[in-house]
Every structure is written in structure tokens, then in C-alpha cells.
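1. coordinates only, sequence not included:
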């Protein structure tokens, strides 16, 4: 018996245009989710593991509440096992630990509040993985991570099984995606029978993870992929040598077959531009760091003012000045922290092949807008600083 987990990854960035979101819904998300519901009615039990990013869940909640509700129904009927990931798809290994923890926590919280479950698995954006994220994820109560079956890290292209990963005393299970089978499904194998035969005709270590983007169905590829998913579960229901489970179920029932000892970075995306010196990413990253530096200067000025007002005595009208300062922080500074540390980190997933000019244009527009508005915040803080200095002088004179 070969045990399989089928994982679908759903993501649409929150800054994407409405019209593209609705197009993807029409061609992919709507058809795929309703197809999964129909699969349950015909081939129960149906088990699919899914990572639906927080950004996309917010899109569904705001623009397609019918699909948001359908996801809840599929979770309640135990068809979907939901995983967690950084809310806005910031690349895990390039995100500061505190921000990675924050983004993942908010995704966990949204899933828990919306669907009443707590995921135990983590899906790193673009399957970019390095062992140093293990302690942060362990602190959030997660028990396993999906990784790419990188042949350099695992010494083989075509693999299965569960692995143990240890980093400075913290352990976590890794479930590597089988590259060979995932690529076969994603890149045009037209018949489910061939894919399932491919599983059983080789001496795979069980369990096997087959993972691909949900957008493969109907958006990036042809409509044949919807029937392909149907055929897979139809054939699985007719065979006794293959069984499809949730990833979490396989983690709980399968022994560990080895220890993960690779110390580098793994990812499926050989064209991911973060690894290329001449890429758009590096230019975008330099621009993002310029925005971050400006923000840090504004933040430093704020903390200097806060400390001065709290400890410098006497200050005339200190309470009123302090309330003005807090208002600037809550209404402006915190907003830009959110934009810089969450939204602009999404550039780490810029692809040479798959990203387009719109991605870059939106990013550069964001940078210019944030820089301009931070300048206005800095002027407000400067004016408040001058007021504080005058009030101190006034207090001394009195």
C-alpha cells in the first residue's frame, strides 16, 4: 500500500487588481472548490491538504463570501486540511524571526477564528526552506513543515517518507514534496491512471507528497486539469494499492525514515530571482531598504520624543503633547511599519518567468508613496519636538 498526500497551494497577493482576482476565481478557485465538494459526494472519503494564504482568505472574505463559506464547509466535513504560512507570503528565511512569527500567528488566528481549527503544518512560500526557521515555528505549536524534495539535500529526485529536522535542540518533522510526481501532475500528464501507475511501479518510500499550485487548475493550464483531479480520486477509489490521506494524518501514522542534515537553502524555484545577482529583485530590495531606513529614522525620532516627554520635567502642557505623539504613532507610524515589514517583503517571491511588470510597478509606487508620506510624518514630529523644546524653556522661565 502506498500512502499519498495531495497538497494544493492557493495564493493571490492582497495588492493585486480586483479584475485579475475575479478572473482567477472564475477560471480556477470557484470551479476547483465546487469540484472538491462534488468529489466528496461521489468518492467519500476525499482528503486534500490545502494552504490558502491569509491574503487570499481576506480576498474571499471581502469579495467572494460564498467561496469563503464553502472552504468552511469543506473543513467541517474533513475534506480539507488547512496549513498555515506567513499571512502575506513573505519568504520565511529572509523574514526577521519576530515578523515571521507575527505573520504566521495572524494566519493561524484567522483560520482558528474563521473555521474553528488549528493547523499543525507549515507551508513555506515557494518552499524556500532553511533549518533556522524551525525554532520560531515550534514556538507557535506547529509540528511539521512541507519542503521541496531537492535532490541536493536528499540525494535523490524521486523520494518519499518523513524526515526529522533538528536545529539547536528544537526538532520538527519535514514532509518533502516528491518532485517527479508533482511535476508530472503540474506539467501536463493528461491521464490520472498513468500518474497512479507511476506511484506504484517504483519502489517509493511511503508516504508520498504530491504538491502543486491550485492555479494550475484552469488558470495557468488548460481545463483538462479539473477532470484530471476527478479521475485521480475515481481511480483511487477503485484501487487497493493506493490511499490518499491528509498530510497531518500521514505524519501521525508514518515512521521517520531519516534525519535532515542539509545546512543550505532549498527551493523548487530555480528561477526565483532572489538568487540572481542581475535580477529585478536586487534593485527592488535596495529600494525597499531605502524606505526601511527612512522609516527607522522616523521611528527613532518618535522614541526620542516619547522618552523626552516622559522624563523631562517640567514640560508645560505635557499631557496634551504626549497625546499628540501617541496619535501620530497609532494613526501613521504603525501603518507604515505594517506596509514595509509585511507588504514589501512579498518582493522576495518575484519570479523571472512568472512575475510581470505590474508587480514591479505596484512595488515602486508603494515605495515612493511611503517615502513621501514618511517625510510628512517626520515634519510633524519635528514640529512637535520644537513645541516640546519651547515648552521646556517656558516651564523653566516660569
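-> Sure, I can see it. This is a predicted model, so every value here is computed, not measured. Numbers count the residues shown, from 1 in each chain.
2. Of all the residues in the helix or strand bottoming out on mean pLDDT in the chain, which ones are buried?
-> Least confident helix or strand of the chain, by mean pLDDT, DSSP states H and E, is helix 192-200 with a mean of 74. Buried residues in helix 192-200, counted by 16 or more other C-beta atoms under 10 Å: 192, 195, 196, 198, 199. Every C-beta, even on glycine, is put in place using the N, C-alpha and C of the backbone.
3. check contacts around the last one.
-> Contacts of residue 199 were listed using C-beta atoms under 8 Å, 6 or more residues apart in numbering, and they are 2, 4, 181, 208, 242.
4. Of these, which is the nearest to residue 167?
-> residue 208 (25.2 Å; C-beta to C-beta).
5. My guess is that closest one contacts residue 178. True?
-> Yes - at 5.2 Å, residue 208 counts as touching residue 178 under the criterion of C-beta atoms under 8 Å.
6. May I have the secondary structure class of the most centrally placed residue in the chain?
-> In the chain, the centroid-proximal residue (C-alpha atoms, centre = their mean) is residue 89; its distance is 3.1 Å. With DSSP: H, G, I helix; E, B strand; the rest coil as the basis, residue 89 sits in coil.
7. number of nearby residues for residue 54?
-> Number of residues near residue 54 (other C-beta atoms under 10 Å) recorded here: 23.
8. surely residue 110 meets residue 57?
-> Yes - between residue 110 and residue 57 a contact is recorded at 6.1 Å, counting by C-beta under 8 Å.
9. Neighbour count for these two, which is higher?
-> The neighbour count for residue 110 versus residue 57, taken as other C-beta under 10 Å, is higher for residue 57 (21 against 17).
10. quick one: low-confidence ranges for this protein?
-> Per-residue confidence for the chain (pLDDT under 70) gives these ranges: 157-158, 188-193, 201-204, 270-282, 312-316, 342-359, 390-398.
11. Tell me where the longest helix sits in it.
-> Criterion DSSP state H: the longest helix present in the chain is helix 357-397.
12. How far away from the center of its chain is it?
-> Chain-centre distance of helix 357-397: 31 Å, with C-alpha atoms, centre = their mean, to the nearest Å.
13. Just the ones of the contacts of residue 199 in helices?
-> residue 181.
14. Please spell out which residues along the helix or strand where residue 114 lies are buried.
-> Under the criterion of DSSP states H and E, residue 114 resides in helix 97-115. By neighbour count on 16+ other C-beta under 10 Å, the buried set for helix 97-115 is 99-104, 106-108, 110-111, 114-115.
15. can you give me the strands in the stretch 1-150 of the chain?
-> Under the criterion DSSP state E, counting those that start in this stretch, strands of the stretch 1-150 of the chain are mapped to 2-10, 48-52, 80-82, 121-122, 144-148.
16. Quick one: closest of those strands to residue 38.
-> Nearest to residue 38, of all the strands of the stretch 1-150 of the chain, is strand 48-52, at 12.7 Å by C-beta to C-beta.
17. by contact count, what packs against the closest one?
-> strand 2-10, strand 80-82 (3 or more C-beta pairs under 8 Å, 6 or more residues apart in numbering; DSSP states H and E).
18. Format these as CSV; extra columns: mean neighbour count and distance to residue 299.
-> As requested, the helices and strands packed on strand 48-52 are arranged in CSV below (neighbours: other C-beta atoms under 10 Å; distance: least, C-beta to C-beta, whole Å):
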stretch, mean neighbour count, distance to residue 299
strand 2-10, 22, 34
strand 80-82, 25, 35
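19. which one of these lies closest to residue 62?
-> In terms of C-beta to C-beta, the element of the helices and strands packed on strand 48-52 nearest to residue 62 is strand 2-10, at 15.6 Å.
20. May I have the strands that pair with the closest one, each with its orientation?
-> strand 48-52 (parallel), strand 208-213 (parallel), strand 242-245 (parallel) (DSSP bridges).
21. Between strand 144-148 and that strand, find me the angle.
-> 80 degrees (axes from the mean of the first three to the mean of the last three C-alpha atoms, to 10 degrees).
22. what sits up against strand 2-10?
-> 29, 32, 47-53, 56, 83, 123, 146, 175, 177, 199-200, 204, 206-215, 232, 241-247, 250, 253-254.
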